[in-house]
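J.: Return atomic coordinates for the entry below.
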Amino acid sequence: MKEYLEKWDDQIVPWLLNHGIKIVLIGLAAYLLNIILGRIIIRAVRIAVVRDETMTEEAEIKREDTLIHIFKGALRIILIILAVLMILQEAGLKIGPILAGAGIAGLAIGFGAQSLVKDVISGLFMIIENQYRIGDIIKIDDIGGTVEKITLRLTTLRDINGTVHHIPNGEIKRVSNLSKDFARVNFDIGVSYNTNLEHVIEVINRTGKELAEDPAFADAIISPPRFLRVNDFGDSAIIIKILGDTKPLRQWEITGEMRKRLKIAFDREGIEIPFPQRVIHQAEK
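T.: Modelled structure (predicted):
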């Protein structure tokens, strides 16, 4: 016991007062640097990202938030690596051989890390080209959902069922952004062949205008849904194309509301939405 106390007084306490305090200071400095540099990144990105004439204020904020998220994530990783190396050195470990060994190991696995490099390069181009941002709804091949997280290596989507998909950026060949700049109401509706088309067009355009003037939906609509053209002659109906522009992410809400109002308006105006039917003519004997 006496020997233990002597060792504590002679070795451990001095080490704690010297190296231990330095280790704590290194950790504290890394933490404070993360906060300070993170705030600098936020201000720098807010200033650097300039909105062009085609970019809405909401789109500008999305792009800024995405860049901030990526840069702060990269900063955090760099600070952690530096802090760990400094702490190891302060603890008495020689980091030179560790770095040399890491370099040799890096060369050994370099050929196997080609996919990682590909992911990072693809992520950089995605960020530079502003293909999509956090909060956008996109479709990558046959997977669609809301972008929850973007890093240089991965894009994370959550689909409508709540399932989370992690997709390496290097595997993304084609991406469709459903929520960039503006969106569209775009659907077909069928009316009976004995319907007065001019009457149908008037009802559709009036319904779209009323929807656009409704305070509950006015802020989401850029141009009211309206008649575009007769799109097809179906087996049982004349197919009419309806088109309108909305703000991003509001197209599904406006489309559903427009369908509901059209059904009510058609019922009121006596316009028939036919269902598939077959007419049988019996030949006279």
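J.: This protein: strands as residue ranges?
T.: 137-140, 143-150, 154-158, 164-168, 175-177, 183-191, 221-233, 238-246 (DSSP state E).
J.: And those strands: which comes nearest Gly92?
T.: strand 154-158 (36.8 Å; CB to CB). Where C-beta positions appear, they are placed from N, C-alpha and C, glycine not excepted.
J.: what about the closest one, average pLDDT?
T.: Across strand 154-158, pLDDT averages out at 91.
J.: buried stuff in it?
T.: By neighbour count on 16 or more other CB atoms under 10 Å, the buried set for strand 154-158 is 154-157.
J.: Can you tell me what sits against it?
T.: Contact partners of strand 154-158, identified using CB atoms under 8 Å, 6 or more residues apart in numbering, comprise 119, 126, 132, 138, 140, 143-150, 164-169, 172.
J.: And for stretch 63-83?
T.: 26-27, 29-30, 33-34, 37-38, 41-42, 45-46, 49, 55, 127, 130, 133-135, 149-152.
J.: of the contacts of strand 154-158, buried ones?
T.: Neighbour counting by 16+ other CB under 10 Å classes 119, 126, 132, 138, 140, 145-147, 149-150, 167-169, 172 among those as buried.
J.: now the top helix by length along the chain against strand 143-150, angle please.
T.: Longest helix of the chain, by residue count under DSSP state H: helix 57-90. Counting by axes from the mean of the first three to the mean of the last three CA atoms, to 10 degrees, helix 57-90 points 50 degrees away from the direction of strand 143-150.
J.: next one: helix 57-90 to chain centre, how far?
T.: Distance of helix 57-90 from its chain centroid, counting by CA atoms, centre = their mean, to the nearest Å, is 19 Å.
J.: can you count the residues close to Leu32?
T.: Using other CB atoms under 10 Å, Leu32 has 10 neighbouring residues.
J.: picking that back up, nearest to Ile201 among the buried residues of strand 154-158?
T.: Leu157 (39.7 Å).
J.: Restricted to helices, list the contacts of stretch 63-83.
T.: Those of the contacts of stretch 63-83 mapping onto helices are 26-27, 29-30, 33-34, 37-38, 41-42, 45-46, 127, per DSSP H.
J.: What is the nearest of these to Asp232?
T.: Nearest to Asp232 among the ones in helices among the contacts of stretch 63-83 is Ile127, at 42.2 Å by CB to CB.
J.: I'd like to know how far the closest residue to that closest one other than its chain neighbours sits from Arg133.
T.: What sits nearest to Ile127 in space, not counting adjacent residues and going by CB to CB, 6 or more residues apart in numbering, is Ile70, at 6.3 Å. Distance of Ile70 to Arg133, given as CB to CB, to the nearest Å: 10 Å.
J.: Look at those two and report which has more neighbours.
T.: More crowded of Ile70 and Arg133, by other CB under 10 Å: Arg133, with 24 against 21.
J.: need the contact list for that one.
T.: When contacts are counted by CB under 8 Å, 6+ apart, Arg133 touches 59, 62-63, 65-66, 147, 150.
J.: Ok, Arg153 next?
T.: Taking CB under 8 Å, 6+ apart, we find Arg153 in contact with 116, 119-120, 123, 168-169.
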